[in-house]
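> build me a model:
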Amino acid sequence: MPPSPIPHPPAPHSPSVPVPAAHAAAPDELLRVADLQMHFPLGGGMLERNAGVVKAVDGVSFSIRRGETLGLVGESGCGKSTTGRAILRLYKPTGGQVILEGQDITRIEGSALRSVRRRMQMIFQDPYASLNPRMPVGAIIAEPIRVHRLRENDTAVRERVQEVMELVGLNPSFISRYPHEFSGGQRQRIGIARALAAEPSFIVCDEPVSALDVSIQAQIINLLEELQHRLGLTYLFIAHDLSVVKHISNRVAVMYLGRVIEIAESRQLYDDPRHPYTRALLSAVPIPDPQVEQHRRRIILEGDVPSPINPPSGCTFHPRCPIVAERCRSDVPPLRARSDLHEVACWRSDESPALMPMTAQEAAQSERPEF
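As a prediction, this is how the structure comes out:
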């Protein structure tokens with residue numbers, strides 16, 4: 001468990017104040033994250049107040065359109081899950097804005113926050129640990145319905161639970177069974193049903209298939225896609241498996257040490273990655289062609305991921321970057337647009353394809369790859 005987040009100063013304005021025009025949502029935009037920060041203090045005793053902070057999320061910005069899936073990828077510990085939890089207000093952000101359907105939700109509390117949470121739900125990574133083993137699945141799925149008072153009586157609640165179970169491919173007759181009586185894939189379907197029970201418009205999928213067998217992963221991914229089309233859902237899909245992300249995502253954002261360093265339309269990111277870190281990640285993706293796989297070069301990053309307690313100056317990736325320049329050590333690169341749907345935070349983004357080995361995607365597409 002991470003330490004408690006840093007206390008916040010009082011909100012400078014009432015939650016009812018409209019969002020400034022510069023941060024207002026576009027007509028097709030469901031969610032906008034602007035300079036989101038989530039810092040955790042170290043220590044906790046009276047003598048350790050100045051022990052420092054862990055900058056788990058340090059200035060993340062992106063938007064998600066209605067009905068879209070944005071994939072969020074990166075190494076373990078880069079801040080992906082913390083970003084998702086801060087967006088849902090499971091953590092209270094240290095700074096920045098989370099704007100849902102035109103409303104800044106970072107400072108709201110009480111009944112206003114409960115109302116927003118009904119529209120935002122989460123599917124957790126571990127389909128067993130996220131379910132109460134002492135509750136039958138019917139009660140687990142019914143919980144958000146009762147909390148948000150979405151049905152008038154017990155009969156209506158039970159009907160809604162059975163409806164949602166059928167929606168995710170579970171037999172409604174299993175309503176009285178307990179989580180341990182289900183397989184891993186079935187338990188994840190229960191978690192999905194619980195999220196859908198609140199009738200949300202936005203769902204954070206926090207590595208929802210990483211704990212499942214490969215054969216089951218495809219079933220859950222297909223289910224999520226089917227539900228998105230039927231119910232008009234919008235997803236933030238967090239994962240470390242780039243193949244899974246490519247399959248389900250319309251756009252992909254790559255995180256490194258608490259920041260988004262590249263974001264692009266899915267095919268464009270895989271075909272033309274521009275950040276050295278993105279290229280290194282994609283170079284490790286297996287290629288079905290054994291001849292290409294045997295001869296292609298992988299990009300091996302040297303050193304360890306720096307500590308979020310004391311991140312490097314300038315570009316946080318520069319201690320491991322194979323094409324680092326002097327400017328990278330001192331100046332923080334902003335996310336700059338290469339096109340309407342492609343942004344990169346790298347001073348050498350235009351040079352990286354020529355200076356680094358091919359990614360798996362590039363090698364597979366090349367008729368005569370040069371290694």
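> which outside residues touch stretch 208-221?
With contacts defined as C-beta atoms under 8 Å, 6 or more residues apart in numbering, stretch 208-221 is touched by 123-127, 183-185, 188-189, 191-192, 224, 237, 239-241, 244, 247-248. All C-beta spots, glycine's among them, are computed from the backbone N, C-alpha and C.
> give the buried residues for stretch 276-286.
By neighbour count with 16 or more other C-beta atoms under 10 Å, stretch 276-286 contains the buried residues 276, 277, 278, 279, 280, 281, 282, 283, 285.
> show me this protein divided up by domain.
With domains defined by automatic domain parsing, the chain comprises 21-249, 269-365.
> of all the ones you listed, which one comes closest to residue 258?
domain 21-249 (3.9 Å; C-beta to C-beta).
> just for the chain, where's the confidence low?
Applying pLDDT under 70 to the chain picks out residues 1-27, 44-51, 288-289, 291-296, 358, 360-371.
> one more time with 80
In the predicted model, the chain carries pLDDT under 80 at residues 1-27, 43-51, 284-300, 355-371.
> need the residue closest to the centroid of it.
Centroid-nearest residue in the chain: residue 238, 3.4 Å away (criterion: C-alpha atoms, centre = their mean).
> ramachandran coordinates for it?
Main-chain torsions, residue 238, degrees, to the nearest 10: phi -100, psi 130.
> residues in contact with it?
Residues near residue 238 by C-beta under 8 Å, 6+ apart: 71, 72, 73, 80, 81, 83, 84, 204, 205, 206, 207.
> SS state for the first one?
Think residue 71. Secondary structure state of residue 71, per DSSP: H, G, I helix; E, B strand; the rest coil, is strand.
> grab the nearest non-local neighbour of it.
In this structure, residue 71 finds its nearest non-sequential neighbour in residue 249, 3.4 Å apart by C-beta to C-beta, 6 or more residues apart in numbering.
> the contacts of residue 238 in helices, which ones?
Using DSSP state H, the subset of the contacts of residue 238 located in helices is 80, 81, 83, 84.
> for PyMOL, what selects the buried ones among the residues you listed?
To isolate the buried subset of the ones in helices among the contacts of residue 238 in PyMOL, counting by 16+ other C-beta under 10 Å, use the following:
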select buried, resi 80+81+83+84
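> how about the ones in helices among the contacts of residue 238 in JSON lines, adding distance to residue 263?
Formatted as JSON lines, those follow (distance: C-beta to C-beta, whole Å):
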{"residue": "80", "distance to residue 263": "13"}
{"residue": "81", "distance to residue 263": "18"}
{"residue": "83", "distance to residue 263": "13"}
{"residue": "84", "distance to residue 263": "16"}
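> quick one, strands of the stretch 251-371 of the chain?
Counting by DSSP state E, counting those that start in this stretch, the segments of the stretch 251-371 of the chain that form strands are 251-256, 259-265, 336-339, 342-344.
> the second one pairs with which strands, and in what direction?
Spelled out, it's strand 259-265. According to DSSP bridges, strand 259-265 forms sheet pairs with strand 251-256 (antiparallel), strand 342-344 (antiparallel).
> ok, and what's touching that strand?
In contact with strand 259-265 (C-beta under 8 Å, 6+ apart) are residues 58-62, 79, 250-255, 269, 273-275, 277-278, 316-317, 335, 341-346.
> what about burial for these, which qualify?
58-62, 79, 250-255, 269, 273-275, 277-278, 316-317, 335, 342-346.
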